[in-house]
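Asker: Sequence plus the predicted model coming up.
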Amino acid sequence: MSDQTMTIHLKIWRQNDPNTPGKLVDYTVDDVNPDMSFLEMLDWLNERLMNEGEVPIEFDHDCREGICGSCNLVLNGMAHGPQKGTAVCQLHMRKYKDGDTIVVEPWRAKAFPMIKDLVVDRNALDRIMAAGGYISVNTGAPADANALPINKYDADLAFDYAACIGCGACVAACPNSSASLFTGAKIAQLAHLPQGHPERKSRVVSMVDKMAEEGFGDCSNYAECEAVCPAEISITAIAEMRREYFKALPVIE
Amino acid sequence: MSKAATFLNSQVGRKIATGVTGLGLVLFIIVHLIGNLTYFAGADAINTYSYTLHQLGPLLWVVRLGLLAFFVYHAWLGISIWLGRRRARPEGYVVQATRGEPSRQNWSSRSMILTGILLLLFIITHLNTFAFHDFQTAVVGGVEMHDVHQRLTEVFQSPLYTVYYVAIMILLGMHLRHGVWSSFQSLGWMSRKTNPVIYSIAFVLAVIIAAGFIGLPLSIYFGLF
């Protein structure tokens, strides 16, 4: 552990409930250990607020090791902060300088309604999944390993797309609030696997429809989603979704 | 709804349509540029080129109406996608920044709506300046034809018009810088390997097209040709 502490100025979005207008509130934390994660720094600030009898800042978090997709903070205008390929829980304060000011905001999209402070409702992503992001199989004893041969190329690509943790940073960073990277990753993952083939066409049509129905915007190929994605999913997933949609033309009504 | 309507109203269909119309318009622009460059081959060359084009008759009208449809549909899609932004994010960020590479957010992609609308307005004035204008007559090889060479030379004597035209062609280059790459991504012709290659090709193509269109008025204005 480092002995040096830092002073960090925060401007954090505080909002009591969806119907009360929110605003940025200034906080200064002057005993930040550089080895703290960003969320630990918020815990530290919350401890102090509670001791002072104030209402702590609400924020989403769970695993804190970058795999669950719970954390969702926009730091200085960047979803998950400035560090490439990491969720904000894996961002450490040593990435900042003593005296830095950080603006902390929640994900912003109509499809992600505000709950409180930095917490938004991301169930819309689950509803896109429920529209087709699965395979229908009979459960029971597991199939034999290697009974279904999959070539290395497709297996690797499917694995890359499956890395999506569903955090919604792609939506948060997109100027249009499009969920194309999230939806495209799931469609592309299943399109590369034989298990995904029986429902391949109906899946892409249902999921793309659901995405628009939930109020996510159109994609304009800004590729900002790829830049902020903690799983570093390529916008090739979006290109694949478009190819899949084109192949599904026969089943469109 | 019919199959086509469902497809074209979906978010994917809208992007595919934007890409197809966009690429069609790029193709037209390239042909237009090649036509313009016949100016450098002399008055007879460009006048004959224009004359030959007009001899196409009904086919020319098919192309013209097709182009008009492409322009209108492309613009409508772009404007409607842009209008959807506010609906999809009613409350915006206080601070917004790009994370940088591999993001394609830049001066070109962010200004698509602005450059697009200015290009649309330009096309109207452009048709008024050239297509709907009464040309003088030139005789090439015993055939009477519009003196396009004379009109071009006359129009680009004006410093104001030359500056306006050059400025718009720079905007065209900006629009194509994001547009050409984006249309390939929209049509799904993209893999991890081709992505950076097509992004670079789009830049080179945008520069060549803009430079080609700017070269003509500047050469005329400065009397280089």
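Answerer: The structure has been received and is ready for your questions. Residues are numbered from 1 along each chain as shown, chains lettered A, B, ... in the order given.

Asker: low-scoring stretches of the chain, by residue?
Answerer: Here I'm looking at chain A. Filtered on pLDDT under 70, chain A yields the residue ranges A:1-3.

Asker: other chain: chain B
Answerer: Low-confidence segments of chain B (pLDDT under 70): B:1, B:225.

Asker: the strands in it, which residues?
Answerer: With DSSP state E, the ranges of strands along chain B come out as B:137-140, B:143-146.

Asker: so what strands line up beside the last one?
Answerer: Strands that pair with strand B:143-146, judged by DSSP bridges, come out as strand B:137-140 (antiparallel).

Asker: Please report how far the closest residue to A:R94 other than its chain neighbours lies from chain B.
Answerer: The shortest distance from A:R94 to any non-neighbouring residue, by C-beta to C-beta, 6 or more residues apart in numbering or on different chains, is to A:P34 (4.0 Å). C-beta: built from backbone N, CA, C; applies to glycine. Separation of A:P34 from chain B (C-beta to the nearest C-beta, to the nearest Å): 22 Å.

Asker: repeat for A:E105
Answerer: A:E105 is 6 Å from chain B, where distance means C-beta to the nearest C-beta.

Asker: How many residues are close by the residue nearest to that residue when sequence neighbours are not counted?
Answerer: Among residues not flanking A:E105 along the chain, A:V74 sits closest, at 4.3 Å (C-beta to C-beta, 6+ apart). Neighbourhood size, A:V74 [other C-beta atoms under 10 Å in any protein chain shown]: 27.

Asker: thinking A:V74 is in contact with A:A109, fair?
Answerer: No - using C-beta atoms under 8 Å, A:V74 is not in contact with A:A109; the gap is 11.3 Å.

Asker: Are there residues contacting both of the two? Which ones?
Answerer: A:A172 (C-beta atoms under 8 Å, 6 or more residues apart in numbering or on different chains).

Asker: picking up where we left off before, output the strands of chain B in JSON lines; the columns should cover distance to A:A231 and mean neighbour count.
Answerer: Formatted as JSON lines, these follow (distance: least, C-beta to C-beta, whole Å; neighbours: other C-beta atoms under 10 Å in any protein chain shown):
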{"stretch": "strand B:137-140", "distance to A:A231": "65", "mean neighbour count": "14"}
{"stretch": "strand B:143-146", "distance to A:A231": "60", "mean neighbour count": "14"}
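
Asker: Ok, which of those comes nearest B:W107?
Answerer: When those are compared by C-beta to C-beta, strand B:143-146 sits nearest B:W107, at 38.7 Å.

Asker: Would you mind pulling the contact partners of that closest one?
Answerer: Residues outside strand B:143-146 that contact it (C-beta under 8 Å, 6+ apart) are B:47-48, B:50-51, B:54, B:135-139.

Asker: ok, so of those, who is nearest chain A?
Answerer: B:S50 (36.7 Å; C-beta to the nearest C-beta).

Asker: And for the closest residue to the closest one other than its chain neighbours, the neighbour number?
Answerer: Of all residues not flanking B:S50 in the chain, B:V148 sits nearest, at 4.6 Å (C-beta to C-beta, 6+ apart). Other residues lying near B:V148 total 25 when counted by other C-beta under 10 Å.

Asker: quick one, what contacts B:T6?
Answerer: By C-beta under 8 Å, 6+ apart, the contact set of B:T6 is A:252-253, B:13.

Asker: still on that earlier bit, reformat the strands of chain B into a markdown table and put distance to A:C225 next to each item.
Answerer: Listed next are those as a markdown table, based on distance: least, C-beta to C-beta, whole Å:
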| stretch | distance to A:C225 |
| --- | --- |
| strand B:137-140 | 55 |
| strand B:143-146 | 51 |
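
Asker: To B:E91, which of the ones you listed lies closest?
Answerer: Proximity to B:E91 (C-beta to C-beta) singles out strand B:143-146 among the strands of chain B, at 56.2 Å.

Asker: Helices of chain B, start to end?
Answerer: Remark: helices assigned in chain B by DSSP state H are B:3-9, B:11-37, B:43-54, B:58-88, B:107-110, B:112-129, B:148-155, B:159-186, B:194-221.

Asker: and A:P18, which of the ones you listed is closest to it?
Answerer: helix B:58-88 (17.2 Å).

Asker: In the closest one, which of the residues would be classed as buried?
Answerer: B:70-71, B:73-75, B:77-78, B:81-82, B:84-85, B:88 (16 or more other C-beta atoms under 10 Å in any protein chain shown).

Asker: packing partners for that helix?
Answerer: helix B:11-37, helix B:112-129 (3 or more C-beta pairs under 8 Å, 6 or more residues apart in numbering or on different chains; DSSP states H and E).
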